[in-house]
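Engineer: Next comes the sequence, and after it the predicted model I'd like to discuss.
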Amino acid sequence: MAIEQHQIDLLKSYRDKSYVFAALCNSSYEFFSLLKSICNIPLILTSSIMAILNSGSFTADDMKLPNIIINSLTALMLGLITNFNISEKTTEFRKVNIQMSKLCHHIEDDLNNNLRTISAVDIRRHINEYDSIIENLDYPFPHFIKEKIKKTYKNNRTLPSILNCTTTEFVRTESHFEVNNVIQEPVNI
């Protein structure tokens, strides 16, 4: 049995969501990868300086203060990298980016090549895979990246809920409705 138009629209919305989520993960990966590289530069420099100083013919007293300073800087940089889980975030966002890109490609394949044979079960499988990928993401996205991605895709793609439900401006609507000038309570079914 062929799927209906609203199911095709649902599938297209999940294609968009997975595409935008992959872009969000890619931007986060690039940010944390850059941050990791920036943090590693001082580590490389301090290690090189220590190697030069230790291979020189300096007295133990001359080396005491530089050793303390350089070892402290190294410990500080390693502590920051570890505390902020920079390496883990880089790996995690890259992994989720790949998973979401694959899901987007599977959905595109179904929309372009299997539209006559796809079933509601297949659509549910895509939705469950999307939810599963999101559930396994352990780290939040940086706010400025979320805003950049939202601004880029808000008018031409269906956004994932992490970008869709971020507004703090709400308009209060009446929960009652008026029929023939009589206010009635909504009917619960």
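Structural biologist: Now that the structure is in, tell me what you want to look at.
Engineer: Quick check: what element follows the helix or strand containing Leu10 along the chain?
Structural biologist: Assigning secondary structure by DSSP states H and E places Leu10 in helix 5-55. Going down the chain from helix 5-55, the next helix or strand is helix 60-83, by DSSP H and E.
Engineer: Which strands or helices does that next one pack on?
Structural biologist: Secondary-structure packing of helix 60-83 (3 or more Cβ pairs under 8 Å, 6 or more residues apart in numbering; DSSP states H and E): helix 5-55. In short, each C-beta sits where N, CA and C put it, glycine included.
Engineer: In stretch 58-71, which of the residues would be classed as buried?
Structural biologist: Buried residues in stretch 58-71, counted by 16 or more other Cβ atoms under 10 Å: Ile70.
Engineer: just to revisit the earlier point, what is the mean pLDDT for the helix holding Leu10?
Structural biologist: For helix 5-55, mean pLDDT is 92.
Engineer: quick one, what contacts the residue nearest the centre of the chain?
Structural biologist: In the chain, the centroid-proximal residue (Cα atoms, centre = their mean) is Cys25; its distance is 3.7 Å. By Cβ atoms under 8 Å, 6 or more residues apart in numbering, the contact list for Cys25 reads 93-94, 96-97, 100.
Engineer: Likewise for Ile149?
Structural biologist: Contact analysis of Ile149 by Cβ under 8 Å, 6+ apart lists 20, 23-24, 27, 163.
Engineer: returning to what we had before: please name the nearest non-neighbouring residue to the residue nearest to the centre of the chain.
Structural biologist: Asn97 (3.8 Å; Cβ to Cβ, 6 or more residues apart in numbering).
Engineer: May I ask which helix or strand encompasses that neighbour?
Structural biologist: Here Asn97 is assigned to helix 86-113, by DSSP H and E.
Engineer: for that helix, what is the average pLDDT?
Structural biologist: When pLDDT is averaged over helix 86-113, the result is 96.
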